[in-house]
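Novice: Any chance you can model this:
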Amino acid sequence: MFTGPADILLIPLAMVMAFLIWAALSPFETLGWWAGWFGDKIYNDNIPADGPVRCPHPDAKAFVLFLSGIGRVSGYTYSFREQEFLRLLAVDLPQAVVIDDIFPYSVNNLALTRQPVFARLWQWALARKRTGPALLGYLINVRNLFQVGIAVDRRYAPMYNQGVAEIFLDTLLRYGYDPQSDSPVYVIGYSGAAQMAVGAVTYLREWIAAPIYVISLGGIFSSDPGLLMADHVYHLVGDKDRAQIWRFLMPSRWPWYRASAWNRALRAGHVTVIPMPGMGHTGRGGYLDVKQREPTRPRYVEITTATIANIVESQAAIP
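Specialist: This is a model prediction of the structure:
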């Protein structure tokens with residue numbers, strides 16, 4: 001029972017301490033996987049094809065992997081905006097296999113809602129995000145944001161990024177990809193998932209012969225060596241995307257760190273920055289906004305889809 005103002009101040013202090021403890025313990029999942037405590041199984045949700053999405057076909061000329069933002073709990077796309085984007089992309093690229101059943105915030109692709117210890121917690125958080133109070137659902141975002149931090153941290157990044165690369169390879173094989181073929185692979189990283197996309201390229205590069213392209217959709221990523229290992233990186237960024245302020249917290253992304261992988265990639269022409277006028281990061285006005293803003297203009301999700309489809313068509317020689 002709190003008896004005065006001093007006791008009430010203990011509430012935010014306790015919350016801060018809990019947050020810091022959570023952050024400090026977050027690498028143990030990756031370390032445990034690396035140590036072999038969890039086995040070497042790569043999980044998948046066995047999600048069936050949804051129209052043209054997740055639909056393998058033998059004559060595919062390109063494979064597109066989509067990695068969702070930090071609000072995701074599994075390989076299943078709950079967001080209706082992402083579902084519409086993926087549907088439009090698959091329709092625009094009938095000769096490509098569009099795949100989205102990847103959970104890049106786990107080194108073995110295990111959904112949060114299927115974890116052996118905390119499954120009920122994440123099921124509860126997901127329910128809060130979908131039905132309210134939504135603020136409690138953002139525990140999922142915080143947890144996944146910590147995983148992005150692990151993928152950036154040079155102490156843990158090699159382990160984490162190798163695990164994600166193995167997920168990519170396993171996913172490609174499940175959809176009939178031949179690692180010795182010349183069919184290019186495109187990894188679309190939305191928001192924080194762009195870090196996972198860039199980080200995994202270094203390892204995926206060793207296992208497949210075809211070109212690998214990274215498409216950062218409003219991506220938040222560090223100056224990772226994968227920027228130089230990818231055949232090309234396309235960074236789509238809206239002029240109203242406030243999340244891009246994160247790059248100022250990454251000194252290696254600053255222009256005067258000329259030896260950083262980011263600046264070397266820019267000088268070598270490995271990175272193309274594509275402005276997305278008027279677009280924000282997420283929600284209304286975001287890259288995947290499905291609402292018609294002006295009667296005579298396409299929806300933002302259609303503009304984003306067309307931009308990405310043009311990248312894939314131009315590089316994969318899809319007519």
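Novice: Quick one: the helices in the stretch 101-250 of the chain, in order.
Specialist: Under the criterion DSSP state H, counting those that start in this stretch, the stretch 101-250 of the chain contains helices at 119-131, 134-137, 139-152, 157-174, 193-204, 226-229.
Novice: out of those helices, deepest packed?
Specialist: Most buried of the helices of the stretch 101-250 of the chain, by mean neighbour count (mean count of other C-beta atoms under 10 Å): helix 193-204, with a mean of 28. All C-beta atoms are positioned from the backbone trio N, CA, C, and that covers glycine.
Novice: hmm, back to that, check the helices of the stretch 101-250 of the chain for me: which has the lowest mean pLDDT.
Specialist: The minimum mean pLDDT among the helices of the stretch 101-250 of the chain belongs to helix 134-137 (a mean of 78).
Novice: what's the spacing between that helix and its chain's center?
Specialist: Put simply, helix 134-137 sits 21 Å off its chain's centre (C-alpha atoms, centre = their mean, to the nearest Å).
Novice: residue closest to the middle of this structure?
Specialist: A193 (2.1 Å; C-alpha atoms, centre = their mean).
Novice: I figured that residue was touching G69, is that so?
Specialist: Yes. Between A193 and G69 there is a contact under C-beta atoms under 8 Å: 6.0 Å.
Novice: what helices or strands is the helix or strand encompassing T30 leaning on?
Specialist: Using DSSP states H and E, T30 sits in helix 28-34. For helix 28-34, the packing partners by 3 or more C-beta pairs under 8 Å, 6 or more residues apart in numbering; DSSP states H and E come out as helix 157-174.
Novice: tell me the angle of the helix it packs on relative to helix 193-204?
Specialist: 80 degrees (axes from the mean of the first three to the mean of the last three C-alpha atoms, to 10 degrees).
Novice: Look up how far R143 lies from the nearest residue to F146 once chain neighbours are set aside.
Specialist: Distances taken as C-beta to C-beta, 6 or more residues apart in numbering place S26 nearest to F146, at 4.0 Å, with adjacent residues excluded. Applying C-beta to C-beta, to the nearest Å, the value for S26 to R143 is 8 Å.
Novice: Check L204 too.
Specialist: In terms of C-beta to C-beta, L204 sits 25 Å off from R143.
Novice: Please apply the same query to D40.
Specialist: In terms of C-beta to C-beta, D40 sits 23 Å off from R143.
Novice: same check, this time on Q115
Specialist: 11 Å.
Novice: which SS class is the residue nearest to Y287 when sequence neighbours are not counted?
Specialist: Residue nearest to Y287 in three dimensions, not counting chain neighbours: T304, with 4.7 Å by C-beta to C-beta, 6+ apart. The local conformation at T304, judged by DSSP: H, G, I helix; E, B strand; the rest coil, is helix.
Novice: ok, T304 - contacts?
Specialist: 85, 217, 236, 276, 279, 287-288 (C-beta atoms under 8 Å, 6 or more residues apart in numbering).
Novice: I70 too?
Specialist: Counting by C-beta under 8 Å, 6+ apart, I70 has contacts 105, 140-141, 144-145, 148, 191-193.
Novice: Please write out the alpha-carbon positions of stretch 179-190 in PDB.
Specialist: Once non-C-alpha atoms are left out, stretch 179-190 reads as follows in PDB (Å, rounded to 0.1, in the frame of the first residue of the first chain):
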ATOM      1  CA  PRO A 179      20.700 -22.400 -54.300                       C
ATOM      2  CA  GLN A 180      22.800 -23.000 -57.400                       C
ATOM      3  CA  SER A 181      20.300 -21.300 -59.700                       C
ATOM      4  CA  ASP A 182      20.600 -17.800 -61.100                       C
ATOM      5  CA  SER A 183      17.200 -16.600 -59.700                       C
ATOM      6  CA  PRO A 184      17.900 -13.500 -57.600                       C
ATOM      7  CA  VAL A 185      16.700 -13.100 -54.100                       C
ATOM      8  CA  TYR A 186      15.100  -9.900 -52.800                       C
ATOM      9  CA  VAL A 187      14.800  -9.300 -49.100                       C
ATOM     10  CA  ILE A 188      12.400  -6.500 -48.100                       C
ATOM     11  CA  GLY A 189      13.000  -5.300 -44.600                       C
ATOM     12  CA  TYR A 190      10.200  -3.100 -43.200                       C
END
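Novice: model confidence over that stretch, on average?
Specialist: Here the average pLDDT along stretch 179-190 is 96.
Novice: just stretch 42-58 next, same as before
Specialist: pLDDT averaged over stretch 42-58 gives 91.
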